[in-house]
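For reference, the sequence and a predicted model appear below.
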Amino acid sequence: MASISGAAAPPSSASCRLRLHRQLLLRPSHLRLRAPHSIADLSRSSSSSNSAPTPAQPLASRAENGAGGGGSRAVEKDPIKLWERYVEWLYQHKELGLFVDVSRMGFTEEFLQQMEPRMQRAFADMSELEKGAIANPDEGRMVGHYWLRNPELAPNSFLRNKIETTLDGVLAFSQDVISGKIQSPSGRFTSILSIGIGGSALGPQFVAEALAPDNPPLKIRFIDNTDPAGIDHQIAQLGPELATTLVIVISKSGGTPETRNGLLEVQKAFRDAGLEFSKQGVAITQEKSLLDNTARIEGWLARFPMFDWVGGRTSEMSAVGLLPAALQGIDIKEMLIGAALMDEETRNTVVKENPAALLALCWYWASGGIGNKDMVVLPYKDSLLLLSRYLQQLVMESLGKEFDLDGNRVNQGLTVYGNKGSTDQHAYIQQLREGVHNFFVTFIEVLRDRPPGHDWELEPGVTCGDYLFGMLQGTRSALYANDRESISVTVQEVTPRAVGALVALYERAVGIYASLVNINAYHQPGVEAGKKAAGEVLALQKRVLTVLNEATTNKDGTETARILLSH
């Protein structure tokens, strides 16, 4: 998988032929900028006319000694050496049309040799995880999000049956809603209002932004906070369509304050509009939870299970992500296939042939294994805008830990932020190139600009997508010229299969990196501490209000103070 030959055959559209030329740097406009014997000339001489699209070739190189990472390292700008490094380290998946290029990360052979025992231990940890090992010891739980896209991996027939039954239920329910077999009292459902927070919102939001068709069978809105104005805005935007809105409430326990508050606010809006909420409500929650019991007693339209062995940030392939996606007309089976194909690849114990291992290794190299550099995620595709936010939660909630598995205080983590290209070109790229060198970049590239037959040229030989491509190349080269390292992840187009693969790729990379730094990626004690602190604040507020109410008839300040202290 590491060579650059044998990629998936490209579609025959004119758009993709232009992209192929662009990817191989064969456009005359590009060649005019380069001296003879450059990378462009090398690629031209070694490429045939029917070659498949490949990610953009690197243009500079570094030769470095030492195995450490995380510092500010000067790089050697040698295009020939980097071309050779690119050829050696490019990962590609033929069926998925996915490429990972780590040639602009300056890891050394010495570093690779030193990390090999840790990498093999990480692979063993991932294997045990998939077999059902208790990977979340403080909660006594397995971690099984990998089983969701391949139920045969589940450790027993009961779990396999639950996964398959849930998927069948999601597919049947979504089809019945779209076809009109299941309707609201006011007629066909036209909209979805999803209430959830964290992984229960970010995953579905990311997938909706990336994959929802221009005219979906049901349009989706989200309530993902306890901000009254934000809730009011979403309800107001629905207007009369509230009567034909399917409300999906997502909470494992049903007690998450933000989700509970959103539900209560929406139920009030239904009452104010003279609507019966239960006829339009769907619960996705753990069986026998408070929310599950409420939905069952009140006779909600449907209930789907959440599993205690799937965390919120890894729940996109469960009912949490699949139901909203299916209701928008997104092919969730293709998402699952993409994730399963990537899972299969990331079980490979040869680092060079495992894209998740390459990512985790580069994260360790860049950050020194202690998180001292941030990861900037730059997707050059508007539909992937929310990928950076999705990865922000997946990576930071998983890796931001105070203690390692041996109880040592380590304060681990990897900070993630980003927006999209080329918007970032006019925002913080200035600092990335010339400011504090405390980051590395992940570029996300999409080869196909538009569907076949829909591309057109702004000027002779140049499309709008060519400009976007040029911005990506220019930014990456400018950063690298100033010793800023980067990873490039490329997909041929944004499809359900590709998105499923991206989700699975980063889920596995997080797990491998956590093993490398000896932390538990599957719990979140800091989040729980924040919830507890918020609860204490609310309890104090109630206490103060009680005291003030009791003291309203008492004019003596001393007596008021006595009452406050007594509470």
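That came in fine, so what should we check first?

Show the model's pLDDT score for the closest residue to residue 155 other than its chain neighbours.
Excluding the flanking residues, the one nearest residue 155 by Cβ to Cβ, 6 or more residues apart in numbering is residue 132, at 3.5 Å. Backbone N, C-alpha and C define where each C-beta goes, glycine included. Looking at residue 132, its pLDDT reads 95.

who are the neighbours in contact with residue 132?
Residue 132 makes contact with 142, 144, 154, 155 under the criterion Cβ atoms under 8 Å, 6 or more residues apart in numbering.

Kindly list the main-chain dihedrals of it?
Phi and psi for residue 132, reported as degrees, to the nearest 10, are phi 110, psi 20.

so how far is residue 144 from it?
Using Cβ to Cβ, to the nearest Å, we find residue 132 at a distance of 7 Å from residue 144.

Overlap of the contact sets of the two?
Contact criterion Cβ under 8 Å, 6+ apart; residues shared by residue 132 and residue 144: residue 154.

If we go by neighbour counts, what in stretch 449-460 is buried?
Residues of stretch 449-460 classed as buried: 449, 455 (neighbour count, 16 or more other Cβ atoms under 10 Å).

now swap in stretch 173-183 and tell me
173, 174, 177, 178, 182, 183.

what do you get for stretch 272-288?
Result for stretch 272-288 [16+ other Cβ under 10 Å]: buried residues 275, 277, 280, 281, 282, 283, 284, 285, 286.

Equivalent analysis for stretch 237-251, please.
238, 242, 243, 244, 245, 246, 247, 248, 249, 250, 251.

what's the first one sitting at in phi/psi?
Spelled out, it's residue 238. phi -70, psi -40.

List the contacts of the closest residue to it other than its chain neighbours.
With Cβ to Cβ, 6+ apart as the criterion, residue 238 has its nearest non-adjacent residue at 5.6 Å, and that residue is residue 245. By Cβ under 8 Å, 6+ apart, the contact list for residue 245 reads 184, 189, 190, 191, 192, 193, 238, 280.

So residue 241 lies in a helix, does it not?
Yes: assessed with DSSP: H, G, I helix; E, B strand; the rest coil, residue 241 lies in a helix.

Would you check how far apart residue 219 and residue 192 are?
7 Å.

between the two, what contacts are shared?
By Cβ under 8 Å, 6+ apart, the residues touching both residue 219 and residue 192 are residue 328.

what about these two, which has more around it?
More crowded of residue 219 and residue 192, by other Cβ atoms under 10 Å: residue 192, with 24 against 17.

quick one: pLDDT of the nearest residue to that one once chain neighbours are set aside?
Leaving aside its sequence neighbours, residue 192 sits nearest to residue 220 (Cβ to Cβ, 6+ apart; 4.3 Å). pLDDT, residue 220: 99.

so residue 220, which of the three states?
strand.

Now do the contacts for it.
Applying Cβ under 8 Å, 6+ apart, the residues contacting residue 220 are 191, 192, 193, 194, 204, 208, 212, 324, 327, 328.

from the contacts of residue 245, which is closest to residue 485?
residue 192 (40.9 Å; Cβ to Cβ).

Just to be sure, the closest one is in a strand?
Yes: Residue 192 forms part of a strand when assessed by three-state DSSP.

In this protein, what helix or strand scores lowest on average pLDDT?
None of the helices or strands of the chain scores lower by mean pLDDT, DSSP states H and E than helix 28-31, at a mean of 29.

Residue 228 touches residue 265, doesn't it?
Yes: applying Cβ atoms under 8 Å, one finds residue 228 in contact with residue 265, separated by 7.4 Å.

what about those two, which has more around it?
Using other Cβ under 10 Å, the more surrounded residue of residue 228 and residue 265 is residue 265, with 17 against 10.

Now the more buried one: which helix or strand?
Secondary structure assignment for residue 265, by DSSP states H and E: helix 257-272.

Pull the residues that contact that helix.
With Cβ under 8 Å, 6+ apart as the test, helix 257-272 has contacts from 193, 195-197, 200, 223-226, 228, 231, 235, 242, 247, 249-251, 254, 276-277, 280, 531, 534-535.

Cross those against strands and list the overlap.
Taking DSSP state E, the ones among the contacts of helix 257-272 that sit in strands are 193, 195, 223, 247, 249, 250.

circling back to that earlier point, heading C-terminal from the helix holding residue 265, find the next helix or strand.
Heading C-terminal from helix 257-272 (DSSP H and E), you reach strand 281-286.

What pairs with that next one, parallel or antiparallel?
Strand 281-286 has its sheet partners listed here by DSSP bridges as strand 245-250 (parallel), strand 302-306 (parallel).

out of those, nearest to residue 137?
So among the strands paired with strand 281-286, strand 302-306 is nearest, using Cβ to Cβ, at 21.0 Å.

could you give the angle of whichever helix or strand comes after that closest one to strand 281-286?
Counting by DSSP H and E, the next helix or strand C-terminal to strand 302-306 is helix 319-327. On the basis of axes from the mean of the first three to the mean of the last three Cα atoms, to 10 degrees, helix 319-327 is oriented at 150 degrees to strand 281-286.

Can you report phi and psi for residue 381?
Dihedral angles for residue 381 - degrees, to the nearest 10 - are phi -170, psi 120.

what sits against it?
420, 444, 446, 494.

which stretches of the stretch 301-450 of the chain have low pLDDT?
For the stretch 301-450 of the chain, not a single residue meets the criterion pLDDT under 70.

ranges for the helices of it?
Remark: helices assigned in the stretch 301-450 of the chain by DSSP state H, counting those that start in this stretch are 319-327, 332-345, 355-367, 387-399, 429-434.

Check which residues of the third one are buried.
Read it as helix 355-367. Buried, per 16+ other Cβ under 10 Å, within helix 355-367: 355-367.

Pull the distance from the helix or strand hosting residue 86 to the chain's centre.
Residue 86 belongs to helix 79-89 when elements are defined using DSSP H and E. Remark: helix 79-89 is offset 29 Å from the chain centroid, using Cα atoms, centre = their mean, to the nearest Å.

Can I get that helix in CSV? Just the C-alpha atoms.
Output in CSV follows, covering the C-alpha atoms of helix 79-89 (Å, rounded to 0.1, in the frame of the first residue of the first chain):
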residue,chain,number,x,y,z
PRO,A,79,13.1,18.4,-3.7
ILE,A,80,14.7,15.2,-5.0
LYS,A,81,15.0,13.7,-1.5
LEU,A,82,11.5,14.6,-0.6
TRP,A,83,10.2,13.1,-3.8
GLU,A,84,12.0,9.9,-2.8
ARG,A,85,10.5,10.1,0.7
TYR,A,86,7.1,10.7,-0.8
VAL,A,87,7.3,7.6,-3.0
GLU,A,88,8.5,5.6,0.0
TRP,A,89,5.9,6.7,2.5
